[in-house]
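Visitor: Here is my input; please provide its structure:
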Amino acid sequence: MNEILKNTQSFFMRLRSHEKKSFRRFLELHEDGSLTQSKSLKLFDILNTDKEFSEADIKYKLYGQSQVEQRTFIKLVERFREKMYESNYLDVNLYREDVNSPYFMGLIEAKKMIGVSYSIASRGVANKEMLRILKRGIMLSEKFELYDEWICFLNLKFLLNASINPENDPAYLIDEIKELQFRKNTLIEAQYFVYKLIRLFQDQSSIQNDIRQDLNTAIEDLDFKNKKYQSWNVYYNISLLKIQLYHIDEMYDAAENLLRDLIGHLLTQPSLKQFTRIAEAYTNLASTQMSNFKFAEALKSIEEALRFPGLRPADRNYYKESLVFLNIYLGNYSKSNQALKEMISEDLIGNTEEELSRRKYLLATNLFLQGEYKKSNFQLQDTKEIENEKEGWNIGIRLLQIFLTLETEKINLADQRIQSLRKHIERTSKIKSVRKRDVVIFRILRHLAMNGFDFKETWLDKKKDFLLLQSDKPEYKWIPRSHEVIIFHQWFESKIRNKIYQSDFSKKKN
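Guide: Modelled structure (predicted):
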C-alpha cells in the first residue's frame, strides 16, 4: 500500500467519534459540486467502516475501477489528508475539557493569540488595543510556562513600545526576555538529562554506579538553577530524575512518596496539568509499587492512569501491559487474558512488531499458568523473536518452550531447546550483558539435561545456585515486570514435589 494512503488511514482510524463528525461537516462545507470534493466525501465513508480495504479496493469504490492513474488517486488522498489535519484544528475539537488538558488548550490559545497579534498589528489597530492583547498573551504564557510564546509577546511589546515612545528605553523588556531565555534553557537542559539518563539506565549494559553519579550531578545542577525562578516544569523533570535514582537504590517508599506529591501538583498546577503526564505519573507510581511487591495498590494506580483521555494507542497499550502483569501476579488470569487479546487484536495500530511479539509471549505464558499447555504452545508458535530487545524477552520465550516440553514430557525436544538457549546466551553476551539470574537458570537446566532430567538430583547438586535465585541479591533475585513470569526456582520445586506449578509472587517467598 502507498505510504501516503497508509499514513492517512492510520491517522483517520485514530480520530475520535466527535472529530470524525466535525471532519465530515468540514468536508461538506467545502463541497462545491466538484468531482474532487465528492470523491473526498466518498473516501471518508470508505474509511469510516470497520472493514480494512486494500488500495485496489478503495480505488474501485471511488472510481468504479481499480486501474486508475496513480497520480490522480494520490492527489485526492493528499487533499483529503490536509483537510483532515485542518479540521482537527477547529475550536470544536481543540477546546474540549473532556478530551484535552488545560495545558494543551492554553498552549493552543497562546499560539492563536500570536497570530492575532501579528494580524492586527499589520492593520494599524490602536496601540492601546494592541497592548491589551499582548498583556493577555503574556499572562497566559506565564500561567502555563510557555517560554517561546512568552518571549514572542514580549518582543512584540518591545517593538510596539519603541515605536510609540522612541524617547523611552524599554530595556526592562530586554532583561525580561534574557531571564525567560535562561529559564527556557534550564528547562531544555532538564529535559535533556531526563532523556539521556533514563534512556541510559534502560540499557542493561550500563554501569549503575556511573548513572547514579550522573543523576546526582544533574539533580544538584538543576536544583541550583531552578532555585531563583521556581519553574514547575523544571521541578517535574527533576522529580523524574530523583525517581530514577530512588529506583536504582531500591528506595521504593521514597519514590512512592515523591510520586504522590508530584501527582498532587500535576492535578492542580496549570503549567503541569497535562493528561498524558498525569497518566504517566500514575504508571510510574504503579511501577514503583510493583517493584515494592504492592500489587493490589499498583493495580489501582494503573487503572487510574487508564482513566485519562487523550492517550496514544501505544501508550495506552503499554499501561495495559502493566495491567496484564499485575493481574497475573494477583492470579486474575481471565482479566490478563482479556487485556492481552484486546491489545493483540489491534495489531500494528497500537503495537510495534516487538511489542506485539512480547504480548503474544505473555498470552502464551498466561495460558501456561492456567495449565493450558496445548493452547500455550499453539500461541507460542505465533510469537516471533523480539529484535533488538534489551530485557531478556527472547530468553523468556526460550524458557517457556523448555517448560512446555518438560510439562508434556518431550524430553528429547527439551534437550534440543536447552542447547538452543545456550547458543542464544553465548551469542547475546557478546553484544550486551545478560542478567546473572538468567545465566544461573541456564546452568541449572544444562545440568538437568546432562543428569538425564533427574529433578531431585539436580536440586541437590545445584543447591548453591537455587539459593542464589531465592536470595535478594540484585543480579540474582526475581524482579516484577520481567520476562520471567514463571518463577524458575518455584517451577523447578513443583517438579520435585510432583505438583502442578502454582506461582507465588509474594516477596517473602522469593
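
Visitor: mind checking which helix or strand of the protein has the lowest mean pLDDT?
Guide: Of the helices and strands making up the chain, the lowest-confidence element is helix 35-47, at a mean of 81, by mean pLDDT, DSSP states H and E.

Visitor: in it, what counts as buried?
Guide: Burial within helix 35-47, assessed by neighbour count using 16 or more other Cβ atoms under 10 Å, is assigned to Q37, K39, S40, K42, L43, F44, L47. Bear in mind the C-beta positions are built from the backbone N, C-alpha and C, glycine included.

Visitor: How about the contacts made by the residue nearest the centre of the chain?
Guide: Using Cα atoms, centre = their mean, the residue of the chain that lies closest to the mean C-alpha position is D315, 3.9 Å off. Contacts of D315 were listed using Cβ atoms under 8 Å, 6 or more residues apart in numbering, and they are T276, A279, E280.

Visitor: thinking again about what came up before, outside of the least confident helix or strand of the chain itself, which residues are in contact with it?
Guide: Contacts to helix 35-47, defined as Cβ under 8 Å, 6+ apart, come from residues 9, 12-13, 23-24, 27-28, 30-31, 53, 58, 61-62, 76-77, 79-80, 83.

Visitor: how does it look with 6 Å?
Guide: Outside of helix 35-47, the residues that reach it under the criterion Cβ atoms under 6 Å, 6 or more residues apart in numbering are F12, R24, L27, E31, I58, K61, L62, L76, F80.

Visitor: Kindly report the same for stretch 467-484.
Guide: The contact list for stretch 467-484 (Cβ under 6 Å, 6+ apart) reads M290, F325, G392, W393, G396, K436, R437, V440, I487, H489, N510.

Visitor: returning to what we had before: could you point out which element follows the least confident helix or strand of the chain?
Guide: Proceeding N to C from helix 35-47, the next assigned helix or strand is helix 55-63, under DSSP states H and E.

Visitor: which intervals of the stretch 251-400 of the chain have sub-threshold pLDDT?
Guide: Scanning the stretch 251-400 of the chain with the threshold set as pLDDT under 70 gives 387-390.

Visitor: Quick check: buried residues in stretch 350-361?
Guide: For stretch 350-361, using 16+ other Cβ under 10 Å, the buried residues are G350, N351, E355, L356, S357, R358, R359, K360, Y361.

Visitor: Which residue comes closest to the second one once chain neighbours are left out?
Guide: If you skip the residues right next to it in sequence, N351 has N317 as its closest partner in space, 6.0 Å away by Cβ to Cβ, 6 or more residues apart in numbering.

Visitor: ok, so what distance separates that neighbour from F53?
Guide: In this structure, N317 and F53 are 24 Å apart, going by Cβ to Cβ, to the nearest Å.

Visitor: quick one: which of these two has more around it?
Guide: Residue environment comparison for N317 versus F53 gives the larger neighbour count to N317, 24 against 15, counting by other Cβ atoms under 10 Å.

Visitor: Beyond the lengthiest helix in the chain, next helix or strand please.
Guide: Secondary structure of the chain read by DSSP state H shows that its longest helix is helix 171-202. Read in the C-terminal direction, the helix or strand following helix 171-202 is helix 208-226, with elements assigned using DSSP H and E.

Visitor: Return the set of buried residues in that following helix.
Guide: I211, R212, D214, L215, A218, I219, L222, K225, N226.

Visitor: min pLDDT across those, which one?
Guide: The pLDDT minimum for the buried residues of helix 208-226 sits at I211, where the score is 86.

Visitor: counting contacts, what elements does the strand or helix carrying L421 pack onto?
Guide: Assignment of secondary structure by DSSP H and E places L421 within helix 411-429. Using 3 or more Cβ pairs under 6 Å, 6 or more residues apart in numbering; DSSP states H and E as the contact definition, the elements that helix 411-429 packs against are helix 393-407, helix 436-450.

Visitor: out of those helices, nearest to D98?
Guide: Ranking these by proximity to D98 (Cβ to Cβ) places helix 393-407 first, at 36.9 Å.

Visitor: Now tell me what touches the closest one from outside.
Guide: Helix 393-407 has contacts (Cβ under 6 Å, 6+ apart) with 358, 361, 365, 373, 377, 385-386, 413-414, 417, 421, 438, 483.

Visitor: ok, back up a step: ok, which of the helices and strands packed on helix 411-429 comes nearest N257?
Guide: With respect to N257, and counting by Cβ to Cβ, the nearest of the helices and strands packed on helix 411-429 is helix 436-450 at 29.1 Å.

Visitor: For that closest one, name the packing helices and strands.
Guide: Where contact means 3+ Cβ pairs under 6 Å, 6+ apart, helix 436-450 is packed against helix 411-429, helix 463-470.
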